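>>> Sequence first, predicted model second:
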Amino acid sequence: MDSMSSKYGINFPNYKPTHETMEVEIPTEENAIGDGASKSTAIRQFVRSVTNFSSEYGRNSYCARQIIGEPLVYPNYQDDTNALVFRHYGPWWLRCPSAPPPIQPVSLSLRDTSDKFATRQFFEVTFQVPVYPHSIKIYETYNCGSVVRVLARPYMPKKGRSQWIELWEGETDECEHEARIFVPDLVDKSQRQFITNELRVEIDSIGLAYYAEFDAVELIGFLATEVVDELPKRGDSNTLDSNNALFEKLDEERGGGAASRANSAASMSEDGDMTDPVAHTDVTDINADCPIVLLPDDLLLNIFEQMSLTELARISTVCRRFFWVTNTIMRRWKDLDMQPHFNIVNDNFLFYNFPKFKMLEKLSLSWCGSQSAASLQRPKQSKPFERPMQMAAGANETPLEPESPPLEKTDELALTPQTFMSSLNHLGKLRVLRLSCCQFVTADIVQHIAEVLPNLEEIDLSRCDRASEGIHYLAGLTNLRRLNIYHIPTVCNLVEVFKCCTKLEHVNVGRALSKQAPSPVLIALAENCPNLQSVDAWHAQEVFDTVIQAFSKCKHLKELDLGWCQGYHSETLVEMIKSCTKLEKLFLTAARIMDNRILDALATYSPNLKQFDCLSGKNTAEGTENLLKKCQKLELLDVSFCSLISREDVVRLRSIYEHVDIKYQFT
């Protein structure tokens, strides 16, 4: 095949071979899917572009773009910079001080769904040719078995972006230490009667022993003779969206339009009780002899409150009385987590439901509304990134990784900025707002949030790339205690934000300081926020001694992540450790200044230390054992690529300190 350089004019030595389609023979006619499919051949193709992802470990190594094209690592089972790696693994990031409190829905069934999604990562990819899906191959090359769901989006260009359709869902696997091609058993052919060129893969990372790595994704399917713009009937999978049509119909019957909705809202008392006469008198929609219709309102409320969101949507379509009972329940909600239902959140959902949520205090719309809002391609210029073990011995600096290009934006969103801003006007009591990976969030939305939600105490804008020019508006949210702007290439001055938001306790600016000098920003954070408890400065790159000295004054500091940062010295870090005696988590990933002096300081002054990452450090086995002996609360210790620690040392330490999960790899 043509090289990447000759075919596309891009200088990227490690680029995977081009993803041109290839034909493979399908011997039996029964494999054909759909009337428009070929009966004899199928198209085999690899990923063309990445449209969305939850997180990534690196910039141009271990990043989302590595999933593009044919496999480079497979069949080797190894840690390799040419694979996609997510930021987190295992339960550790949920056990640290920065872990956000869960949003607990009222319904137990809703709570179970939210808990299941809390530990997931995902990536969304596109392929060149829309096909009827026959099979999918996911190339896993390290710590395999974490894929739990695969979805596809039907290709219907005349009707815009459609919703994701589930092709497979399962549990995590315990796999051998070898690379594998995971081929999920897709749903029946009758449920795959559509063409697609977009896939979404979801990962459950909580059970992983270490970082999982993905090399490529392959889609095999049959060509369509024509583009299909209608989907087959799929039961109740879209109940919430179809419920919006019911709202419109009821509006028309009650007088129609916004005035009718305003009157409906006015018929509710402040505490959310039903006062509309329709709710109590209109039982003629169904048989009045039906026992459940004769139940009093309080009992119906108790029954319906145990239902999930989708069940409430179904039951609300039975009759007007059930419709108003379900509305009453929603009006009483204080917590709402829509991340598990990201697939059905669109303009209609917000337009018809958000006016009910007058009492809402905590809301998560993470993953919602981003219908392939951006496309991530290979960088035009890149340099292969060196592993820690490949760096020159004795080097004191971690090489800087080149900045990756921003996502290419499109306007094909299921949730538009205008509708979202209008919906926020109903949520004046909101204290927590999580919008992770919401590509519809723009600078205008950030400004609107600061204007209409003055009581906000937590905001999560991680991976909201389009909001980068509006982060400075957060200075108006003076009650903020939690701020997460991970992976947003901010171009505005964050110093003013930290000067105004002095109540901040937990701040994540990982991968957010690539376009400005990190040190002044971090110094302003440390000097203006006396209650600071956790700081994530992952990949801030240049962090000088003045930053470490500023953090030394943060007496409440419990967590500090300086992974892949450089510029400070071990003596300054030792002094900070002596001052910050409440440390529970310290990540110094790839810090070449790491030595036994830092470990001795932690062993002496950090009795509460639970998680410590010194990957690629110069600490010895003796210094590591002293840390294990003194820090008895330690749960996680990563000594991977530590050149002065042998595999035999790790085996011995693991046998002595069984309560500590000691991570080690050197290949």
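Nice, thanks for sending it over.
>>> And Tyr352, its phi and psi?
Reported as degrees, to the nearest 10, the phi and psi values for Tyr352 are phi -100, psi -20.
>>> where along the stretch 551-667 of the chain do the strands fall?
Assigned by DSSP state E, counting those that start in this stretch, the strands in the stretch 551-667 of the chain fall at 559-561, 585-587, 611-613, 636-638, 661-663.
>>> Asp536: which of those strands is closest?
strand 559-561 (4.4 Å; CB to CB). Glycine gets a C-beta too; all of them are placed from N, C-alpha and C.
>>> Turn the strands of the stretch 551-667 of the chain into CSV, including distance to Leu208, mean pLDDT and mean neighbour count.
Shown next, in CSV, are the strands of the stretch 551-667 of the chain (distance: least, CB to CB, whole Å; pLDDT from 0 to 100; neighbours: other CB atoms under 10 Å):
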stretch, distance to Leu208, mean pLDDT, mean neighbour count
strand 559-561, 19, 98, 24
strand 585-587, 17, 98, 24
strand 611-613, 15, 98, 24
strand 636-638, 13, 97, 22
strand 661-663, 11, 97, 18
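>>> mind putting these in a markdown table, distance to Arg463 included?
Formatted as a markdown table, the strands of the stretch 551-667 of the chain follow (distance: least, CB to CB, whole Å):
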| stretch | distance to Arg463 |
| --- | --- |
| strand 559-561 | 17 |
| strand 585-587 | 20 |
| strand 611-613 | 22 |
| strand 636-638 | 24 |
| strand 661-663 | 26 |
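>>> which stretches of the stretch 151-300 of the chain form helices?
239-253, 257-266, 278-281, 297-304 (DSSP state H, counting those that start in this stretch).
>>> no no, the stretch 351-500 of the chain
Counting by DSSP H, counting those that start in this stretch, the helices of the stretch 351-500 of the chain are 417-424, 443-452, 494-500.
>>> Among the ones you listed, which comes closest to Ser468?
So among the helices of the stretch 351-500 of the chain, helix 443-452 is nearest, using CB to CB, at 7.6 Å.
>>> buried ones in that closest one?
Using 16 or more other CB atoms under 10 Å as the test for burial, helix 443-452 gives Ala443, Asp444, Ile445, Val446, Gln447, His448, Ile449, Ala450.
>>> So for that helix, mean pLDDT?
Helix 443-452 shows an average pLDDT of 96 in the prediction.
>>> neighbouring contacts of that helix?
417, 420-421, 424-425, 427-428, 433, 456, 459, 461, 466-471, 473-477 (CB atoms under 8 Å, 6 or more residues apart in numbering).
>>> Can you convert the buried residues of helix 443-452 into JSON lines and add a column each for distance to Cys63?
Output for the buried residues of helix 443-452, formatted as JSON lines (distance: CB to CB, whole Å):
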{"residue": "Ala443", "distance to Cys63": "25"}
{"residue": "Asp444", "distance to Cys63": "29"}
{"residue": "Ile445", "distance to Cys63": "26"}
{"residue": "Val446", "distance to Cys63": "26"}
{"residue": "Gln447", "distance to Cys63": "30"}
{"residue": "His448", "distance to Cys63": "32"}
{"residue": "Ile449", "distance to Cys63": "29"}
{"residue": "Ala450", "distance to Cys63": "31"}
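>>> Quickly name whichever of those is closest to Leu299.
Nearest to Leu299 among the buried residues of helix 443-452, with distances taken as CB to CB, is Ile449, at 39.3 Å.
>>> Who are the contact partners of Phe357?
Contacts of Phe357 (CB under 8 Å, 6+ apart): Met330, Arg331, Trp333, Leu336, Leu363, His426, Leu427.
>>> and those residues, which are buried?
Met330, Arg331, Trp333, Leu336, Leu363, His426, Leu427.
>>> Need these in TSV (columns: distance to Ala537).
Below are these laid out as TSV (distance: CB to CB, whole Å):
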residue	distance to Ala537
Met330	40
Arg331	41
Trp333	36
Leu336	31
Leu363	27
His426	36
Leu427	31
